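Colleague: Here's my sequence, what's the structure:
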Amino acid sequence: MVGRRLEYTDYFMCGGLAGICCDVFIHPFDTVRCRMQTHYGTKATAPYRGLWHAFSTIFRTEGPRALYRGFGIVSVLTIPANGLYYGTYEVCKDVLGDEPYAHFASGLGAEFAISVVYVPLDVVKQRVQMHTSSSHPEYGNSYRSLRTVVRAGGIRGIYRGYGAAMAVYLPFTSLYFTTYEQTQKFLRNQVMSTERTSLDSNHDLPGYCHLLGAAFASGLSAFVTCPLDVVKTRMQTRDSTSGGYRNVWHAIQSIWTTEGPRAFTKGVVPRVALFTPGLAISMTAYEKFKELRLGEA
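Modeller: Next up is the predicted model:
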């Protein structure tokens, strides 16, 4: 492919655009995941029997807008957050190389960078998603949620569950990028063998290769890290002063004791359904935006 080498600003812009394309589509799945994971009790007392029952119940009882609760702060922060995410990954990969360990380490770097923005976003967003405006007006929208969280806990409040978030997303992101890159290499070899052509890089792959590779990598990563995501979500949606958890270990012990080991699989279906198409769309859009930038020079 003819064109210039991309700079950090190019990666930032492409990542930001890809992120908003993804979030518009996946936010309803994220709302369902949050509702299912924040149910404190056994399966017998759960308000939702499964993914589609949760969708239909929320849609019927609260209206379609309820599925996009919390999207306000997402729409504001997702572009800089995803720009930082993809930009940091690419810069780290340029420095470390194109081997699996480099992809793993670059994923760690990307996650550390985005956590500064994404953890507060997650805390504020999930408080809105799990409640209705009528039952908890203090979480009626993103602004009210942010104000409530800051008043109650200050800056530490919006970073509540930071350790749990890192325990989820560091392995998730590292596994995701490593699996994605290896899948792209495999598909590139398959395409070259089948079509008897030469491809210089992953940029030259057909779009369906990015889509399939990202879907597989994200689905696998989402499934593996679901138990820790349950812990993270519980910690971020309840303060320690209102019956929440003191730390990650306390959360794990409490959930195991009161709800049993199956509680750690709560929301696994919507979580996989959230990340599989979401990151498939995001990564495919990101690769295509990069192609456009490369072709402009």
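Colleague: switch to C-alpha atoms for all contacts and neighbour counts from now on
Modeller: OK.
Colleague: remind me which residues of the protein are low pLDDT?
Modeller: Across the chain, the ranges flagged by pLDDT under 70 are 1-4, 193, 195-204, 239-243, 296-297.
Colleague: can you give me the helices in the protein?
Modeller: 8-37, 51-62, 71-96, 100-130, 142-158, 162-195, 207-224, 226-237, 248-259, 268-296 (DSSP state H).
Colleague: Single out the most deeply packed of the ones you listed.
Modeller: Neighbour counts (mean count of other Cα atoms under 10 Å) averaged over each of the helices of the chain peak at helix 226-237, with a mean of 24.
Colleague: The closest residue to Trp256 other than its chain neighbours: neighbour count?
Modeller: Leaving aside its sequence neighbours, Trp256 sits nearest to Ala263 (Cα to Cα, 6 or more residues apart in numbering; 7.3 Å). Number of residues near Ala263 (other Cα atoms under 10 Å) recorded here: 20.
Colleague: do you know how far Phe55 is from Val119?
Modeller: 25 Å (Cα to Cα, to the nearest Å).
Colleague: do Lys185 as well
Modeller: Counting by Cα to Cα, the separation of Lys185 from Val119 is 32 Å.
Colleague: if I pick Pro120, what's in contact with it?
Modeller: By Cα atoms under 8 Å, 6 or more residues apart in numbering, Pro120 lies in contact with 158-160.
Colleague: Now render those residues as CSV, adding distance to Val272.
Modeller: Listed next are the contacts of Pro120 as CSV, based on distance: Cα to Cα, whole Å:
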residue, distance to Val272
Ile158, 26
Tyr159, 25
Arg160, 24
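Colleague: out of the residues you listed, who's nearest Leu205?
Modeller: Tyr159 (39.2 Å; Cα to Cα).
Colleague: From Leu205, how far out is the closest residue to that closest one other than its chain neighbours?
Modeller: In this structure, Tyr159 finds its nearest non-sequential neighbour in Pro120, 5.5 Å apart by Cα to Cα, 6+ apart. Here Pro120 is placed at a distance of 36 Å from Leu205 (Cα to Cα).
Colleague: Likewise for Leu211?
Modeller: Going from Leu211 to Leu205 by Cα to Cα gives 11 Å.
Colleague: Give me the distance between Cys14 and Lys290.
Modeller: From Cys14 across to Lys290, the span is 6 Å (Cα to Cα).
Colleague: Gln236 now?
Modeller: From Gln236 across to Lys290, the span is 35 Å (Cα to Cα).
Colleague: measure stretch 238-251 end to end?
Modeller: Stretch 238-251 has an end-to-end distance of 11 Å (Cα to Cα).
Colleague: give the contact list for Cys92.
Modeller: Applying Cα under 8 Å, 6+ apart, the residues near Cys92 are 102, 105-106, 109.
Colleague: Pick the one among those residues closest to Asp23.
Modeller: Among the contacts of Cys92, and counting by Cα to Cα, the member closest to Asp23 is Gly109, at 21.9 Å.
Colleague: The closest one contacts Tyr89, correct?
Modeller: Yes - using Cα atoms under 8 Å, Gly109 is in contact with Tyr89, at 6.6 Å.
Colleague: For the residue nearest to Trp256, give me its contacts.
Modeller: With Cα under 8 Å, 6+ apart, Ala263 has these contacts: 42, 255-256.
Colleague: Which of the helices of the chain sits closest to His136?
Modeller: Of all the helices of the chain, helix 100-130 sits nearest to His136, with 8.9 Å by Cα to Cα.
Colleague: Report the angle between the closest one and helix 142-158.
Modeller: 130 degrees (axes from the mean of the first three to the mean of the last three Cα atoms, to 10 degrees).
Colleague: so who does Phe177 touch?
Modeller: Contacts of Phe177 by Cα under 8 Å, 6+ apart are 103-104, 107, 217.
Colleague: Closest one of those to Ala165?
Modeller: Closest to Ala165, out of all of the contacts of Phe177 and judged by Cα to Cα, is Gly107, at 14.7 Å.
Colleague: Now do the contacts for the closest one.
Modeller: 89, 170, 173-178.
Colleague: what do you get for Gly161?
Modeller: 232, 235-236, 247-248.
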